[in-house]
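K.L.:
no sequence for this one, just the structure:
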């Protein structure tokens, strides 16, 4: 029996799950006018097959997906045993190659000689150029450009994993509020965040941003040796992977009582974040979320101090398409998950950012982070 504190374990993905994903990717590629999809080690390969090589090397590993053809994974012989144990291995054909063989000739046999292929963004140039040499009439496009929705829409099992990761990040935030900040280095608080994320089930910690005082005006400051002092505003942004899916949340806290200006800036960001979340609904464009949040900050006189996009997708990585930014007209679809994280950054003084992961529902958006967004005071 499970309790609210111990939710039922998540069922693992099956070969059928991966078979459906690969078939959908091949069909979407065909509909987009592509001859197929080529996937190197990285998040796309994990999403489509469940296979995560121990390390990306100069040896070619390549998943080939084409409508009307069985999926094939070209893999080095010394890694074939590991690939065969991947959850999705039963849904594809493995073709291994030894170091004495030519993997590009093997791969070329699987491709249309004059086709245009979508290629995972992190494919090594070494491999792509070698394929082009074997098949000079082929052409290629990045998957972010050619199939931006490849991983964007999550099914129920993926949403459950993202919700679990979000809940773990929320529990981490609730506990970090009880930690002493004043008189400690940013790196000390960052270590506390990492430890708490792992305590709450994260197998991987990707980042622990702790930006105190003027460091908070740098959105990607992470953490340094600065000693946090009484009167500092502190930006906290942290996340990683739990059950293979990402968490990412930001809150801004204050050591002691904030000034009227600090409270006002925080209130503006909180209002902007709320406006961004309210704008989430099926059919809205990604840029509409950015516009809604940005309008609040611009209308309050801080438009030039909001210096990044409003959000990014999240899934098997903590940053992935779609992106909530002006010019991105991709419509939102039920099951998409992304951050809504406006901020204001005052150089040399302080910064404020508030971030939740939101999923698109049939009638709006649902936050996967539920901790208080008011300005918390810490010691």
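P.N.:
Nice, thanks for sending it over. In this text, all values refer to a predicted model and were calculated from it rather than measured experimentally.
K.L.:
looking at this, residue 356 is in a helix?
P.N.:
No: counting by DSSP: H, G, I helix; E, B strand; the rest coil, residue 356 falls outside a helix, being strand.
K.L.:
Give me the nearest residue to it, chain neighbours excluded.
P.N.:
Leaving aside its sequence neighbours, residue 356 sits nearest to residue 369 (C-beta to C-beta, 6 or more residues apart in numbering; 4.1 Å). C-beta here means a position set from N, CA and C on the backbone, and glycine is covered the same way.
K.L.:
So what's the residue count around the one you found?
P.N.:
Neighbourhood size, residue 369 [other C-beta atoms under 10 Å]: 24.
K.L.:
Next: the one 5 residues further on.
P.N.:
Per other C-beta under 10 Å, the neighbour tally for residue 374 reads 12.
K.L.:
For the residue of the chain positioned farthest from its centre, pull up the helix or strand it's in.
P.N.:
What lies farthest from the middle of the chain is residue 100; by C-alpha atoms, centre = their mean that is 37.7 Å. Following DSSP states H and E, there is no helix or strand that holds residue 100.
K.L.:
for the one 5 residues further on, same thing?
P.N.:
Under the criterion of DSSP H and E, residue 105 resides in helix 103-108.
K.L.:
Mind checking what helix or strand follows that helix in sequence?
P.N.:
Trace forward from helix 103-108 with DSSP H and E and the next one is strand 116-119.
K.L.:
For that following strand, which outside residues touch it?
P.N.:
Contact with strand 116-119 is made by 29, 32-40, 111, 128, 138-143, 146-147, as judged by C-beta atoms under 8 Å, 6 or more residues apart in numbering.
K.L.:
Give the rounded mean pLDDT of the helix or strand hosting residue 287.
P.N.:
Mapping residue 287 onto the secondary structure by DSSP H and E places it in helix 286-299. Mean per-residue pLDDT for helix 286-299: 98.
K.L.:
other SSEs contacting that helix?
P.N.:
Judged by 3 or more C-beta pairs under 8 Å, 6 or more residues apart in numbering; DSSP states H and E, helix 286-299 is in contact with helix 260-278, strand 320-324, strand 337-340.
K.L.:
Single out the most deeply packed of these.
P.N.:
strand 337-340 (a mean of 28; mean count of other C-beta atoms under 10 Å).
K.L.:
model confidence over it, on average?
P.N.:
Strand 337-340 carries an average pLDDT of 98.
K.L.:
So which elements touch the helix or strand following it?
P.N.:
Next helix or strand after strand 337-340 toward the C-terminus (DSSP H and E): strand 343-346. The criterion is 3+ C-beta pairs under 8 Å, 6+ apart, and the helices and strands that strand 343-346 contacts are helix 260-278, strand 350-353.
K.L.:
Show me the one of the helices and strands packed on helix 286-299 that comes nearest residue 299.
P.N.:
Residue 299 lies closest to helix 260-278 among the helices and strands packed on helix 286-299, at 9.0 Å (C-beta to C-beta).
K.L.:
still on that earlier bit, dump the helices and strands packed on strand 343-346 to JSON lines, plus distance to residue 359 and mean pLDDT.
P.N.:
Listed next are those as JSON lines, based on distance: least, C-beta to C-beta, whole Å; pLDDT from 0 to 100:
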{"stretch": "helix 260-278", "distance to residue 359": "11", "mean pLDDT": "98"}
{"stretch": "strand 350-353", "distance to residue 359": "20", "mean pLDDT": "98"}
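K.L.:
coming back round to it: from the contacts of strand 116-119, which would you call buried?
P.N.:
When the contacts of strand 116-119 are checked for burial by 16 or more other C-beta atoms under 10 Å, the buried set is 29, 34-40, 111, 128, 138, 140, 143, 146-147.
K.L.:
Mind checking which of these are in helices?
P.N.:
Using DSSP state H, the subset of the buried ones among the contacts of strand 116-119 located in helices is 29, 128, 143, 146.
K.L.:
What segments of the stretch 1-150 of the chain are strands?
P.N.:
Ranges of strands in the stretch 1-150 of the chain, per DSSP state E, counting those that start in this stretch, are 36-39, 62-65, 72-76, 93-97, 116-119, 139-142.
K.L.:
Out of those, which gets nearest to residue 224?
P.N.:
From the strands of the stretch 1-150 of the chain, taking C-beta to C-beta, the stretch that ends up closest is strand 139-142, at 34.2 Å.
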